[in-house]
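> the following block contains a protein sequence and its predicted model.
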Amino acid sequence: MAARTPLSLVLPLLGNLKRMSLVEDSRWSWNADHEFTRTGHTHWSTIGRQIKSALTDVFASPNLESIHISGLAIHSPQVLLSLFSGATALKTLALSNIHFIETDNLSSSSESQRWHPQLMSLRISSKGGGDPLSVYFLNPQIDLSRLTTLTVTTNFQEWTNTAPVGALLSLESIEHVVTDCYNCLFPKSTFHSNRCTIRIRSSDIRYTMQETFRDCPPDSRAESIIFEGNVRLRWPATDLLLNLTVASALVNMRSLRAVKIRVDVLSFRDQQDRSWLEDMRSSLPCLTERGLLTVTRSDEDGDEHVWN
């Protein structure tokens with residue numbers, strides 16, 4: 001049986017590597033705040049010197065275009081972001097479940113540590129045991145002027161202070177936005193007029209849907225809006241307020257081509273599925289009559305099925 005080649009020797013051979021993922025294989029469990037969270041992190045300080053050096057070289061490679069890191073504990077936000085500061089070709093960055101030993105103010109960084117990547121897609125998540133991340137991307141040394149896709153998934157701590165998230169969502173360059181709303185709270189800047197696609201996950205689809213169409217700007221360019229998550233209560237067959245709110249918004253939403261509702265797996269018998277679908281459709285005639293509404297549900301494996 002051939003001996004295994006150490007990772008520290010393999011990485012330097014991948015000079016043309018374009019995509020890199022560093023993911024902690026940790027388990028999920030319920031924490032004290034009743035959140036489904038990962039139980040462990042890979043500590044950057046405990047990674048072997050040779051492997052750490054090889055990873056640092058990869059992260060700073062001028063050929064690297066995409067990085068995904070999940071489940072990492074590192075000294076500070078400045079140390080984390082400095083890993084990619086020289087990655088001039090980096091266009092896609094995904095960070096989730098990151099824990100900082102200390103937090104710092106990135107505005108105190110020297111000009112020599114200016115960030116060179118010009119991201120087009122950013123996905124950040126503090127849900128599941130991670131620390132808030134959005135505030136650290138507001139540093140003026142980080143150029144987000146080319147950012148077109150933003151995905152933000154946050155925990156309760158970050159949603160209670162929505163200013164950093166709202167500032168990111170206010171960037172005019174963003175055309176596609178995905179948000180996971182903790183308890184249906186989300187900044188109004190989610191619905192900036194430049195948005196082409198808006199995807200919102202929440203714990204109450206019906207409430208979120210009403211808030212979304214109420215806050216959509218009159219000059220919205222949205223072509224597709226997707227609502228994902230749960231339906232807390234039985235969906236009423238008649239919902240005059242929801243239908244009126246949506247209908248009023250549609251008058252000016254001339255680019256809208258599709259509204260999709262993705263319902264998480266329901267604990268109802270199959271014979272009740274038909275009535276749920278009929279109630280959803282009948283409560284939103286302003287969408288069904290235009291052929292805009294699609295309702296899907298996910299099974300226990302996460303697969304999506306169209307209700308028809």
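Thanks, I have it.

> okay, CA-based contacts and neighbour counts for the rest of this
OK.

> how is this protein carved up into domains?
What automatic domain parsing lists as the domains of the chain is 17-133+154-172, 175-308.

> distance between the last one and the chain's centre?
Pointing back at domain 175-308 there. 17 Å (C-alpha atoms, centre = their mean, to the nearest Å).

> coming back round to it: of the domains of the chain, which is nearest Leu147?
Closest of the domains of the chain to Leu147 is domain 17-133+154-172, at 4.0 Å (criterion: C-alpha to C-alpha).

> quick one: end-to-end distance for the closest one.
Counting by C-alpha to C-alpha, to the nearest Å, you get 31 Å between the two ends of domain 17-133+154-172.

> quick one, strands of the stretch 151-300 of the chain?
All strands of the stretch 151-300 of the chain, identified by DSSP state E, counting those that start in this stretch, fall at 176-180, 197-202, 224-229, 258-263, 293-298.

> for those, please prepare CSV with the additional fields distance to Ile101, mean pLDDT and mean neighbour count.
Conversion of the strands of the stretch 151-300 of the chain to CSV gives the following (distance: least, C-alpha to C-alpha, whole Å; pLDDT from 0 to 100; neighbours: other C-alpha atoms under 10 Å):
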stretch, distance to Ile101, mean pLDDT, mean neighbour count
strand 176-180, 25, 87, 22
strand 197-202, 30, 88, 21
strand 224-229, 33, 90, 21
strand 258-263, 37, 91, 20
strand 293-298, 37, 84, 18
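
> relative to Leu17, which of those is closest?
Of the strands of the stretch 151-300 of the chain, the one closest to Leu17 (C-alpha to C-alpha) turns out to be strand 176-180, at 26.8 Å.

> partner strands of that closest one and their direction?
Using DSSP bridges, strand 176-180 pairs in its sheet with strand 149-153 (parallel), strand 197-202 (parallel).

> give me the low-pLDDT residue ranges for the stretch 51-200 of the chain?
Scanning the stretch 51-200 of the chain for pLDDT under 70 picks out the ranges 104-113, 128-129, 155-162, 181-188.

> do that again at 50, thanks
107-112 (pLDDT under 50).

> rewinding a little: and the domains of the chain as TSV, adding distance to Leu144?
TSV is the format used below for these (distance: least, C-alpha to C-alpha, whole Å):
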stretch	distance to Leu144
domain 17-133+154-172	6
domain 175-308	13
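
> run the chain-centre distance for stretch 78-88.
Distance of stretch 78-88 from its chain centroid, counting by C-alpha atoms, centre = their mean, is 21 Å.

> and it, how far apart are its ends?
Stretch 78-88 has an end-to-end distance of 18 Å (C-alpha to C-alpha).
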